[in-house]
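In: Can you look at this prediction? I've put the sequence above it.
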Amino acid sequence: MASGAGKSAAFALLVLNVILYFIVIAVAAWAVNHGIERSHETASVLSLPARIFPIYYPFGNMATGFVVFFSLIAGVVGFSTSITGINNVIQWNVPNLHAAATSSLISWMLTMLAMGFACKEIDIGWTESNLRTLETILILVSGTQMFCTAAIYIGIDDAVARDRTYL
């Protein structure tokens, strides 16, 4: 892959990921807020094991809490690493590409963890449309983050090869 094509592909995927991670943050933050507001009135009638978890979700199923928390963490980490990754990709030198690749890999792993819980939530059964939106966006962003990570790693190979020709 030529360095110009790798740079433009990584840049476009990072911009797309910023938008997708922002949507993940917005929907997951709404779900946390909704769960906190409704937990006092609905969790008081639950049996003891369900009352241990501080936020009871009156919507979704038993995997909803895991999906919401891990997607919120993955969204915040992915959003921040995509913003810094844009700066690193614009500079397109070996140290910045290594930093972008490492942070991209970490955010991809967290996104895959959240996507795994989202797949489990889909497998269990019925969820609301907002949770289906979160699940769909998590699946999309895990794919785009994987391609972005691959584009950055290919860009590292190109940058290292380019630097070797100058030496």
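Out: Cool, the structure landed.

In: Now the helix or strand hosting residue 118: buried residues?
Out: If you go by DSSP states H and E, residue 118 is part of helix 94-124. With burial defined by 16 or more other CB atoms under 10 Å, the residues of helix 94-124 counted as buried are 96-101, 103-105, 107-108, 110-111, 113-115, 117-118, 121-122. From N, CA and C alone the C-beta is placed, and that goes for glycine too.

In: quick one, longest helix in the protein?
Out: When the chain is parsed with DSSP state H, its longest helix is helix 3-43.

In: Report the next helix or strand after the lowest-mean-pLDDT helix or strand in the chain in sequence order.
Out: The helix or strand of the chain with the poorest confidence is helix 48-52; it has a mean of 58 (mean pLDDT, DSSP states H and E). Going down the chain from helix 48-52, the next helix or strand is helix 64-91, by DSSP H and E.

In: Poorly predicted segments of this structure, please.
Out: 1-3, 39-56, 58, 166-167 (pLDDT under 70).

In: ok, residue 119 to residue 135 distance?
Out: Using CB to CB, to the nearest Å, we find residue 119 at a distance of 8 Å from residue 135.

In: what residues are shared contacts of these two?
Out: Common neighbours of residue 119 and residue 135, counting by CB atoms under 8 Å, 6 or more residues apart in numbering, are absent.

In: wait, isn't residue 151 in contact with residue 10?
Out: Yes. Here residue 151 reaches residue 10: they are 4.2 Å apart, a contact under CB atoms under 8 Å.
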